[in-house]
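Novice: coords please:
(2 chains)
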Amino acid sequence: GAVVSQHPSWVICKSGTSVKIECRSLDFQATTMFWYRQFPKQSLMLMATSNEGSKATYEQGVEKDKFLINHASLTLSTLTVTSAHPEDSSFYICSARVWDRGLGYGYTFGSGTRLTVV
Amino acid sequence: AQSVAQPEDQVNVAEGNPLTVKCTYSVSGNPYLFWYVQYPNRGLQFLLKYITGDNLVKGSYGFEAEFNKSQTSFHLKKPSALVSDSALYFCAVRAYSNDYKLSFGAGTTVTVRA
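Specialist: The predicted model follows:
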């Protein structure tokens, strides 16, 4: 099935630095990628939708300048948390729309990135 | 607007007993409904979905869900739960639209005791 590879799985960074999270579609072309943020024992909050070759669409309340999303190719989307602060510590997950021969359209998710800002 | 409600934060069952995780939705038009399972510090794994057709949907790992349009529900069920089914379960919905965005419920933690 369609796989999205997300790296790193976890990262610890110092306050004020930037962190880049990558999501690669391994065996399909991801024209649309969704980026979510999840707090402990809570639901997924959609941060932004990225389309290959165009600017990302951010959800209300999400800071565009802090969470930079790039979708330069059909197999790679990145989320950069700029000038990270402890309140940015969270679990970040990417997701892509996929077509599966047996199931039709659906969504596949990366394994997530645990970001801790100290 | 679209939304999902999972009324139970936690569901506890004994191994071998039936498992039900509840989900109700609100959406304009016909819904696309999904169930996902999440293990600690992992992404979401697809269990099943309803797009159209038979109201009873069978999915992975012995799970099934029944679409009930009149009650706007899509409850997840498993006839005989396993300890390994202990995880966080999410119901999600999207409307037929151009943005393909999913809305997730708050999640239900399932604990299956041996």
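Novice: going forward, measure contacts and count neighbours with C-alpha atoms only.
Specialist: Will do.
Novice: Name the residues of chain B found near chain A, please.
Specialist: Residues of chain B lying close to chain A (C-alpha under 8 Å from any C-alpha of the partner chain) are B:41-46, B:90, B:104-107.
Novice: Try it again at 7 Å.
Specialist: Within chain B, the positions near chain A by C-alpha under 7 Å from any C-alpha of the partner chain are B:41-44, B:104-107.
Novice: May I see the PyMOL selection of the buried members of these?
Specialist: Listed next is the PyMOL selection for buried residues among the residues of chain B next to chain A, using 16 or more other C-alpha atoms under 10 Å in any protein chain shown:
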select buried, chain B and resi 42+43+44+104+105+106+107
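Novice: now the residue of chain B found nearest chain A, nearest residue through space, not along the chain?
Specialist: Closest residue of chain B to chain A, C-alpha to the nearest C-alpha: residue B:43 (3.9 Å). Of all residues not flanking residue B:43 in the chain, residue A:111 sits nearest, at 3.9 Å (C-alpha to C-alpha, 6 or more residues apart in numbering or on different chains).
Novice: hang on, that neighbour packs against residue B:45?
Specialist: No - the criterion here is C-alpha atoms under 7 Å, and residue A:111 misses it with residue B:45 at 9.2 Å.
Novice: quick one: which of these two has more around it?
Specialist: Using other C-alpha atoms under 10 Å in any protein chain shown, the more surrounded residue of residue A:111 and residue B:45 is residue A:111, with 25 against 19.
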